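Asker: how would this look folded up:
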Amino acid sequence: MVAAGAPAGVAGEWLLDPFDLLIEDTVGDANADTTPPVFTPTGTPSSIATATIEGVLDGGTDLTITTVGSGGAEAGNITIRDPIDTTTGALQTLTFEAEGDIISDNPDADTGGTITDTGSGLNVIMQAQQNITLGFGIITNGGAVTLAADHDFGGGEDPASVPTAPAPSPSTAVLPQAAALLIFPWAPVNC
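Answerer: All right, here's what the predicted structure looks like:
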């Protein structure tokens, strides 16, 4: 048993190491609690199929995917490998909370954004205790995008290809509602 008490001072905090989580088309839901509205990894390797995420959002439920405090011995990264395509009936919210990094490394860039909504709009929130790296776009169809990282935002190798703007401290970028908002690769938000 681990104790964090301090009889002569302030009690400590017991920090649980997280599990990494992979979001991909070709994998099933493995070692993950996929009970809406919060999905969490429960073992290693942890994966969630994009169809599981799409089904929850298209069914009208907001969704949070988190690795924070998930109880493993990994970095707590969320890797989005394949596109998440939704056709929401009402404005929904998809939130990613990572103890480590949020990494979008979709190898099928020509198929559209990493996250694309063609319905009534999708708010996308990404909160990482380390870095956010967007390798591909996000199309919200009227929703807002909020990025918050304790370290850096980035993407690709050519930051000169798209103009960037400094984010307000503490490393938060909020992109308001737009008819179709696309965050291009190679467009880091400088912190």
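Asker: And Ser120, how close does it get to Ala75?
Answerer: To Ala75, Ser120 is 35 Å away according to C-beta to C-beta, to the nearest Å. For every residue, glycine as well, the C-beta is placed using N, CA and C.
Asker: outside of the helix or strand that contains Thr79, which residues touch it?
Answerer: Using DSSP states H and E, Thr79 sits in strand 78-80. Strand 78-80 is contacted by residues 20-23, 65, 67, 96, 98, 100-106, 114-115, 128 when judged by C-beta atoms under 8 Å, 6 or more residues apart in numbering.
Asker: and what of stretch 25-45?
Answerer: Against stretch 25-45 from outside (C-beta under 8 Å, 6+ apart): 18-22, 46-53, 56, 61-67, 70-74, 81-83.
Asker: Now, the residues you listed that are in strands?
Answerer: Using DSSP state E, the subset of the contacts of stretch 25-45 located in strands is Leu21, Leu22, Ser47, Ile48, Ala49, Leu63, Thr64, Ile65, Thr66.
Asker: need the contact list for the fourth one.
Answerer: Under the criterion of C-beta under 8 Å, 6+ apart, the contact partners of Ile48 comprise Leu21, Leu22, Ile23, Val27, Asp29, Ala32, Thr34, Phe39, Ile65.
Asker: who wins for neighbours among these?
Answerer: For the contacts of Ile48, the largest number of neighbours (other C-beta atoms under 10 Å) sits with Leu21, at 29 neighbours.
Asker: Show me the beta-bridge partners of it.
Answerer: Using DSSP bridges, the bridge partners assigned to Leu21 are Ile78.
Asker: Surely it and Ala75 touch.
Answerer: No. Using C-beta atoms under 8 Å, Leu21 makes no contact with Ala75, being 10.5 Å away.
Asker: I'd say Ile125 and Phe96 touch.
Answerer: Yes. Applying C-beta under 8 Å, one finds Ile125 in contact with Phe96, separated by 7.0 Å.
Asker: Now Thr61. Nearest residue, chain neighbours left out?
Answerer: Nearest residue to Thr61 in three dimensions, chain neighbours excluded: Pro36, at 4.9 Å (C-beta to C-beta, 6 or more residues apart in numbering).
Asker: Looks to me like that neighbour is in a strand.
Answerer: No. Counting by DSSP: H, G, I helix; E, B strand; the rest coil, Pro36 is not found in a strand; it is coil.
Asker: And for it, the neighbour number?
Answerer: Counted with other C-beta under 10 Å, residues neighbouring Pro36 total 15.
Asker: I'd like the distance between it and Pro18.
Answerer: As judged by C-beta to C-beta, Pro36 and Pro18 stand 20 Å apart.
Asker: returning to that earlier point: would TSV of the ones in strands among the contacts of stretch 25-45 with pLDDT and distance to Ala90 be doable?
Answerer: Shown next, in TSV, are the ones in strands among the contacts of stretch 25-45 (pLDDT from 0 to 100; distance: C-beta to C-beta, whole Å):
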residue	pLDDT	distance to Ala90
Leu21	94	26
Leu22	93	29
Ser47	94	28
Ile48	95	23
Ala49	95	23
Leu63	96	14
Thr64	96	17
Ile65	96	20
Thr66	94	23
